[in-house]
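*Asks:* attaching a predicted model along with its sequence, questions to come.
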Amino acid sequence: MKNKQEKVHTIGFSLVSKLNIQLWFRLVGTFLMLNVVFIVASGITLAVLGERQAVQAVRHVENYGLPSAEESTWLFNQGLEVKEQEPAAAGYIIPIPPQLQRIFPQETRAAQRTILLPHDENAPLYNILDDLQYQLDVEVLGTPISVVIHFGIAVWVLKTVFLVLLIWQLVTAIRTMVSRAELIRRVLRPISDLAQQTQTLSQGQGPLSIEEMQTLAGTLDEINAARLDTRIDLDTTQDELKNLAVAINGLLDRMRESYRLQARFVSDASHELRTPIAAIQGYVNLLDRWGKNDPEALQESIDALKEEAANMKELVEKLLFLARGDNHTMQINLEHFDLGKLAETMYRETEMIDGGHEFSLETEPAPVLADQGLVKQAGRILIDNAIKYTPVGGRIRIVVSCREDKVMFTVQDSGIGIAPEDIPHIFDRFYRADDSRARATGGTGLGLSIAKWVAERHGGYLEVFSRENFGTRISLVLPRSESS
């Protein structure tokens, strides 16, 4: 799972980065549009300003004639030239369609308009508009004249405003990129948190609790037991969503495996209950036909019914125990006690119950913090298994020892042992290496599952060492605790 997640990070852009880039391009596009509007508005402003000055100059010539040399110098300092028309200067002639000429004043309606850009080749490029000129060639009282408007000051003002606008746009773009990135991360944080939580659940061990499942309620609404093979496509999503998809896919894998095990558990439980029920029905039919008048058949049926009822009771109790454990409704009462003394109690009880095996006990002080009843139940399971699979006269050792920060309750027998291929499965529910042999010993295949659950709920585990026809050693390992 970890390698898969690392691989996901190398594919494509992060969703935060992609959204941030898209928003940034949108902002830049808005700024570009604003700059275009500013440039167009500036051009229109200069044209209107030039037309107004040209009209005033033409009216002045109509009233007073061409300006004198002193007036021309004064006008030039004000950015205006009025002179007799000369050969056309190099510039850009502005074509005015006849339909638009009527919007101009009568004095300059027929004028030819030219934009002049006299520029020093050695001057910087950004100064190309400093000498911008607007020239109108018009005939006044039969005399062709040229009116030239110099826009140097106006262009300088507009360039300064435009530069300030560009600086503002740059600062705004940087601030917006940073703030929006943080905003996007904040908006996507629930997805990241859900991905992390899902990864935690998908990488965890053991069954999911009700609280953990409720945490994901609503996220996987459309997935049911019939569609647990559904998976999320990882190729069409961004990094954050891929992390979530990988985590959910991993969780679905575990859920599918859990569902498979649950289905097998229900099937095995049904099979185990079917067998004693069939036996009970058989003996009831026997009694109904001729067992009532046959004392021998009557006693045999009663003994069989009692045995099958006891087996069913034991099976149901174990099933209820595991069900409460899976639903986290099992009450665990922790207390400090000496595991060695508990082993002595179980040893004495076992000797009184079973007289066909040779028992030995080796103990030392082993303080633990645990539920004494559950630990005794797990220990009793290990002892019962040793009795079942050890021939009469065989030896069974019960040892309690300490190892660093752990204590060990070990049961070692000289029985038939376990095949190597069966050892990984002995803690599976209803698993039995030899069904016929287990049936003869009355086993249900649930004991070691219960012992494992008890060990894990106390922060411990089970150790198994076995060799066929030599014996088996199983140890219940729990954390050591100092007595209170």
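*Replies:* Arrived safely. Quick caveat: nothing in here was measured; it's all calculated off a predicted structure. Numbers count the residues shown, from 1 in each chain.
*Asks:* please count neighbours and contacts with C-alpha atoms only from this point.
*Replies:* Will do.
*Asks:* I'd say residue 418 and residue 472 touch.
*Replies:* Yes: between residue 418 and residue 472 there is a contact under C-alpha atoms under 8 Å: 7.1 Å.
*Asks:* show me whatever sits in contact with both of the two.
*Replies:* Taking C-alpha atoms under 8 Å, 6 or more residues apart in numbering as the criterion, residue 418 and residue 472 both touch residue 466.
*Asks:* what count of nearby residues applies to residue 110?
*Replies:* Neighbourhood size, residue 110 [other C-alpha atoms under 10 Å]: 17.
*Asks:* list phi and psi for residue 426.
*Replies:* The phi/psi pair for residue 426 (degrees, to the nearest 10) reads phi -70, psi -20.
*Asks:* mind pulling up the pLDDT for it?
*Replies:* The pLDDT attached to residue 426 in the predicted structure is 87.
*Asks:* ok, it to residue 266 distance?
*Replies:* Relative to residue 266, residue 426 is positioned 18 Å away (criterion: C-alpha to C-alpha, to the nearest Å).
*Asks:* next one: residue 457
*Replies:* For residue 457, the distance to residue 266 (C-alpha to C-alpha) stands at 23 Å.
*Asks:* circling back to that earlier point, of residue 426 and residue 266, who's got more company?
*Replies:* Each of residue 426 and residue 266 had its neighbours counted (other C-alpha under 10 Å), and the higher figure belongs to residue 426 (19 against 11).
*Asks:* make sure residue 408 is indeed in a strand.
*Replies:* Yes: when DSSP: H, G, I helix; E, B strand; the rest coil is applied, residue 408 is found to be in a strand.
*Asks:* after the least confident helix or strand in the chain by mean pLDDT comes which helix or strand?
*Replies:* Of all the helices and strands that make up the chain, helix 2-8 has the lowest average by mean pLDDT, DSSP states H and E, namely a mean of 42. Proceeding C-terminally, helix 2-8 gives way to helix 15-64 as the next helix or strand, assigned by DSSP states H and E.
*Asks:* so where do the helices sit in the stretch 101-250 of the chain?
*Replies:* Along the stretch 101-250 of the chain, the stretches classed as helices by DSSP state H, counting those that start in this stretch are 152-203, 210-215, 239-289.
*Asks:* between these, which has the poorest average model confidence?
*Replies:* Among the helices of the stretch 101-250 of the chain, helix 210-215 scores lowest, at a mean of 50.
*Asks:* which positions within the helix or strand hosting residue 300 qualify as buried?
*Replies:* In this structure, residue 300 is located in helix 295-326 according to DSSP H and E. Judged by neighbour count using 16 or more other C-alpha atoms under 10 Å, the buried positions of helix 295-326 are 297-298, 301, 304-305, 308-309, 311-312, 315, 318-319, 322, 325-326.
*Asks:* now do the SS call for residue 429.
*Replies:* For residue 429, the reduced secondary structure class is coil; criterion used: three-state DSSP.
*Asks:* let me know how buried it is, in neighbour terms.
*Replies:* Applying other C-alpha under 10 Å, we find 22 residues neighbouring residue 429.
*Asks:* quick one: the residue nearest to it when sequence neighbours are not counted from residue 322, how far?
*Replies:* With sequence-adjacent residues excluded and distances taken as C-alpha to C-alpha, 6 or more residues apart in numbering, residue 429 is closest to residue 446, at 5.2 Å. The span separating residue 446 from residue 322 equals 9 Å under the rule C-alpha to C-alpha.
*Asks:* what does residue 118 give?
*Replies:* With distances defined as C-alpha to C-alpha, the gap from residue 118 to residue 322 amounts to 96 Å.
*Asks:* do residue 117 as well
*Replies:* The gap separating residue 117 from residue 322 is 93 Å, by C-alpha to C-alpha.
*Asks:* again with residue 299
*Replies:* Noted for residue 299: a distance of 35 Å to residue 322, by C-alpha to C-alpha.
*Asks:* domain map for this structure?
*Replies:* Following automatic domain parsing, the chain resolves into domains at 16-159, 242-326, 335-479.
*Asks:* which of those domains is buried the deepest?
*Replies:* Here the criterion is mean neighbour count by mean count of other C-alpha atoms under 10 Å, and of these the winner is domain 335-479, at a mean of 18.
*Asks:* which elements pack onto the host helix or strand of residue 384?
*Replies:* Here residue 384 sits within helix 372-388, counting by DSSP H and E. Packing contacts for helix 372-388, counted by 3 or more C-alpha pairs under 8 Å, 6 or more residues apart in numbering; DSSP states H and E, involve helix 339-353, strand 406-413, helix 447-457, strand 471-479.
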